[in-house]
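**Student:** after the sequence you'll find the predicted model.
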Amino acid sequence: MDRMLAIFDGVQQWLFESVFQPVLFWLGLANVLEDAYDATGWLVVGVLQLLVMLLLIAPLQRWRPVEAVTDPKAIRVDILYTLIHRLGVFRLVLFFAVTPLWDGLFGFLRVHGLSTFHLDEIWPGVTDIPWVSLLIYLVVFDLLDYWIHRGQHHFEWWWRLHSLHHSQRQMTMWSDNRNHLLDDLLRDLIVVTVAQLIGVAPGQFVAIVALTQLSENFHHANVRLWFGRWGERLWVSPRFHRRHHTIGIGHEAPSTRHTMGAQVASLSEPVRAGPAHAERPPVLGGNNFGVLLPWWDMLFGTANFELRYEPTGVRDQVEPGPDGRVRDYGSGFWSQQWRGLLRLWGHG
C-alpha cells in the first residue's frame, strides 16, 4: 500500500509541476497553487477510475449483459457525464463557485470557537490504524448517502431533478453520473459539510469518494450478476441496484407502485423470485437506496432482494399523462439539463 501511495504521489507531483503549475504562473494565479495541487490528485484518481471501468467492468458487460444495446446515443451522453465528473470539470466549477464560500464559512466558525471534531477519535487508538479509521468513515458516509438518496425520492421537488438519473432506459457502467448538475451540487454540499463537521482527513475523503464512485459504476453496469444469498446482504450488487431503477417498482410512492408490474415485460424469467409486486408492502419512494451497503435498506425496511432483471426507466416515459403524452427527458446533455429545470419549476 505504501508503494502504491508513493507511485500515486509521484504521478500527481509530476503532472502538477509539468502541466498545471506553469499554466497557473502564466495566468497569474499563483495564489491557488495549493488547491490546484489537490485538484491534480482528483484528476489522477479520475483517470485511474476510467481505466478500471474500461479494463474490468466493460468486459463483464460484454460477458453477461442483461439486455442488448439498442440506443448507443443515450450511452454516449452518459459517457459525457462521466468524463465531466471524473476528469474534474464539475469540481473545477465547484472550486470557483462554491469552495471559497464554504472555506470562508468554516474558517469563520473555527475562529469563533467551533473546533474540528474527529469522529474516529471517539475510540482510543483508532487513528493509529489508518484502515480502521477509513472503514469507520466509509460506513458513516454510506449511511449519509442512503438518506440523501431517500430524500431525492421522497421530496417532490428533489425528485424532479433526480428523475433524470432514472430516465436512462439503457443502463450501463456509465449511467452513475447521469444526473442533473443541480442535483449533484446539492448532494456534494451536504457531503462536504458533513466531512468538515466530522473531521475526515483529506486523503481518506478522496479514497472514500473514489471507492464509492467505482462501486456505483459497477452497480449500474449492464451485467447479469448477483452475489448469492449472503453476498447480496454484504455489498450492493448490479442486480440489487437495478431493482431500484425498475419501472414502477424501484422508485415510486405507494399510490402508483402496484399497478405497473403486469405492464412491464421482464427481461428474463425470475430466478427464485419473491412474492408478486402487489403483495409486497409499499414503501414511500421505492426501495434499494443503498449506495455501497444494503444494510441500511435491511435496517429501515426498504430492501428488495428479488432476483429479477426488468426494464429500467420512469413510469411517465412509458405511460401517457393526462395530456395523452409521455414525458420527454431530453436526448442530449443540454436538453436534459434544461428539461430538469423546467420540471423543477413545475413545467414540462
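**Tutor:** Sure, I can see it. The shown structure was predicted, so the numbers you read here are calculated from the model rather than taken from an experiment.
**Student:** by contact count, what packs against the helix or strand containing Asp78?
**Tutor:** Per DSSP states H and E, Asp78 falls inside helix 72-86. Contact analysis of helix 72-86 by 3 or more CB pairs under 8 Å, 6 or more residues apart in numbering; DSSP states H and E lists helix 33-52, helix 89-97, helix 333-344 as its packing neighbours. Every residue, glycine included, has its C-beta placed from N, CA and C.
**Student:** which one of these has the lowest average pLDDT?
**Tutor:** Across the helices and strands packed on helix 72-86, helix 89-97 has the smallest mean pLDDT, namely a mean of 73.
**Student:** output the helix holding Asp78 as CSV, nothing but the C-alphas.
**Tutor:** Extracted in CSV, the C-alpha atoms of helix 72-86 (Å, rounded to 0.1, in the frame of the first residue of the first chain):
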residue,chain,number,x,y,z
PRO,A,72,-25.9,3.8,-28.4
LYS,A,73,-26.6,7.6,-28.4
ALA,A,74,-28.0,7.5,-24.9
ILE,A,75,-24.9,5.7,-23.7
ARG,A,76,-22.7,8.3,-25.4
VAL,A,77,-24.4,11.0,-23.4
ASP,A,78,-23.8,9.1,-20.2
ILE,A,79,-20.1,8.8,-21.1
LEU,A,80,-20.0,12.6,-21.4
TYR,A,81,-21.5,12.9,-17.9
THR,A,82,-18.8,10.6,-16.6
LEU,A,83,-16.0,12.4,-18.2
ILE,A,84,-17.3,15.8,-16.9
HIS,A,85,-17.2,14.4,-13.4
ARG,A,86,-14.2,12.1,-13.4
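**Student:** can you give me how far it is from the chain middle?
**Tutor:** Computed by CA atoms, centre = their mean, to the nearest Å, the chain-centroid distance of helix 72-86 equals 14 Å.
**Student:** please apply the same query to stretch 194-203.
**Tutor:** For stretch 194-203, the distance to the chain centre is 19 Å (CA atoms, centre = their mean).
**Student:** relative to Ala221, how far out is the closest residue to Asp71 other than its chain neighbours?
**Tutor:** Leaving aside its chain neighbours, Asp71 sits nearest to Gln170 (4.7 Å; criterion: CB to CB, 6 or more residues apart in numbering). Plainly put, Gln170 is 12 Å away from Ala221 if you go by CB to CB, to the nearest Å.
**Student:** give me the more crowded residue out of the two.
**Tutor:** Ala221 (26 against 20; other CB atoms under 10 Å).
**Student:** so for Asp184, which of the helices and strands packed on helix 72-86 sits nearest?
**Tutor:** helix 89-97 (6.7 Å; CB to CB).
**Student:** could you say what helices and strands the helix or strand encompassing Asp184 packs with?
**Tutor:** For Asp184, the host element (DSSP H and E) is helix 181-198. When contacts are defined as 3+ CB pairs under 8 Å, 6+ apart, helix 181-198 sits against helix 89-97, helix 99-111, helix 130-154, helix 156-166, helix 333-344.
**Student:** please repeat the previous calculation with a cut-off of 7 Å.
**Tutor:** helix 130-154, helix 156-166 (3 or more CB pairs under 7 Å, 6 or more residues apart in numbering; DSSP states H and E).
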